[in-house]
Structure formats: C-alpha cells, structure tokens
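A.B. asks: Give me a model of this one.
(chains A and B)
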Amino acid sequence: GNSVTQMEGPVTLSEEAFLTINCTYTATGYPSLFWYVQYPGEGLQLLLKATKADDKGSNKGFEATYRKETTSFHLEKGSVQVSDSAVYFCALISGGSNYKLTFGKGTLLTVNP
Amino acid sequence: DTAVSQTPKYLVTQMGNDKSIKCEQNLGHDTMYWYKQDSKKFLKIMFSYNNKELIINETVPNRFSPKSPDKAHLNLHINSLELGDSAVYFCASSPGGRSTDTQYFGPGTRLTVL
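C.D. replies: Numbering: from 1, shown residues only, chains lettered A, B, ... in the order given. Model prediction:
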C-alpha cells in the first residue's frame, strides 16, 4: 500500500535559518506529491505540489523537488520567518487510490525571533 | 467567500449521543472527503463521495454514516459516540477525477466526547 514517511520533529529554528523537512514515500505507479501546511487552530492549506518526476513545486519561498529515483519530496526554505511556525504534512495521491490523500505524520516547526 | 465550510466548529457531547457535522463547498467540485485528525495530528481518510456516490469507505465503524444530499454537501452523522471518537474532523473537496487535483480543506470540527 501507499505510505509517507517524514521527519517527525518538532523542529525549532531561529528566524532566517535554513529549513529542510525530509519526506520519502512508497506508492504504486506514479503518485502526485503534496506539501500541506496547518497553522495553529486552522485547517490544512496546500503549500505546493508536484505531479511528475523532476517537477519542482514552489510557493512562499518553499520548494520541493519530486525525486523518483530516491522516492523523496523534501521541503526546503532558505530563510524561515516566525510566521512559518506551523505543522507541515507531506502527502501523496496515487492512481488507483480513488484520489485519497495519504499523509505523513506531520512535522511541527517552531521559528523563534 | 468561504470555499469549504463546516459546522459546527466545536462540538462537545456525552458518550452515547448521536451528532452530525455538516460540510458545504461552493467551488463546484465533484468530489468531497471526510478526514479524521487524531490527537497526535495524524490525518486519515474516512470517506469520499463523487457526484453523490460513495467511492471510498475506509475501515470506519458503521456508527459513522456519511450522507451527500447533493454534490455541494457532505454531512457526517455519528451514532453512539465513544471517547475514542474525540478528534478533529476535516471536510475537503476537489474537482475530482485526477490524481493531480488539489484538495481544499475546511476549517475542521473539533469533537470532544466526555
């Protein structure tokens, strides 16, 4: 079956530090890959996505590249801000799964001023 | 305009009661979902409907019954609530039909069973 493994954290960084959150996956076929973000007390928002190998998704300074050879989709940001404090979820949808999202366990990021 | 809305936002109830959570989307999407987020933040699919037809029913107790009166609404009814049902329930919608589609989430309903 499909699965997503991401570093669980929590991750605590100082403002302007570099962020990496690792994500690897197991899936049948060629999945689409997503990063969702959940700010405190809110629902999930799509941060970025990539739908085929070597695609790079980017948004709000965050980037992730779909690496088929390493089955990875690591999230990076060059300079984090306090407002980036949230829980980040890596997820996938694979063909034949009836389009359900399979999520990793989430990574809590706290950015201190 | 809210794209995916849920009511209520908070629900506190006693064990054994029956409760419903409502979800509406105004995005014109064909597919809607219910996800459960447990106390450790883990998210898992419960149900999915496409054009009012049930297409995903994960291993959820049959005390949970989704109902889709039209493709803009997907409600969740829970009978005989148990302590373990305490969680945040998220509704989502997507255009439907493609694995590349983005799913749009509602704000969540925090259910507390006492």
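A.B. asks: other SSEs contacting the helix or strand of chain A with the lowest mean pLDDT?
C.D. replies: In chain A, the helix or strand scored least confidently by mean pLDDT, DSSP states H and E is strand A:102-103, which has a mean of 93. Judged by 3 or more CB pairs under 8 Å, 6 or more residues apart in numbering or on different chains; DSSP states H and E, strand A:102-103 is in contact with strand A:3-6, strand A:86-93, strand B:43-50. Where C-beta positions appear, they are placed from N, C-alpha and C, glycine not excepted.
A.B. asks: quick one, which of those is packed in tightest?
C.D. replies: Counting by mean count of other CB atoms under 10 Å in any protein chain shown, strand A:86-93 has the highest mean neighbour count of the helices and strands packed on strand A:102-103, with a mean of 25.
A.B. asks: Show me what that strand is in contact with.
C.D. replies: With contacts defined as CB atoms under 8 Å, 6 or more residues apart in numbering or on different chains, strand A:86-93 is touched by A:2, A:4, A:6, A:21, A:23, A:25, A:27, A:31-40, A:44, A:47, A:73, A:75, A:99-104, A:106-109, B:41, B:43, B:99-101.
A.B. asks: Now the buried members of those residues.
C.D. replies: Listed as buried from those are A:2, A:4, A:6, A:21, A:23, A:25, A:27, A:31-38, A:44, A:47, A:73, A:75, A:99-104, A:106-107, A:109, B:41, B:43, B:99-101; burial here means 16 or more other CB atoms under 10 Å in any protein chain shown.
A.B. asks: show me where the chain has strands.
C.D. replies: No chain specified, so I'll use chain A. Read by DSSP state E, chain A holds these strands, from start to end of the chain: A:3-6, A:11-14, A:19-21, A:23-26, A:32-38, A:44-50, A:56-59, A:62-65, A:75-77, A:86-93, A:102-103, A:107-112.
A.B. asks: Chain B was what I was after
C.D. replies: Using DSSP E, strands in chain B cover B:4-7, B:10-13, B:19-25, B:31-37, B:43-50, B:53-57, B:64-70, B:73-78, B:87-94, B:104-105, B:109-113.
A.B. asks: picking that back up, the least confident helix or strand of chain A pairs with which strands?
C.D. replies: Counting by DSSP bridges, the strands paired with strand A:102-103 are strand A:86-93 (antiparallel).
A.B. asks: Report the angle between the strand it pairs with and strand B:87-94.
C.D. replies: Note on geometry: by axes from the mean of the first three to the mean of the last three CA atoms, to 10 degrees, strand A:86-93 and strand B:87-94 are set 50 degrees apart in direction.
A.B. asks: So for strand A:86-93, mean pLDDT?
C.D. replies: Average pLDDT, strand A:86-93: 96.
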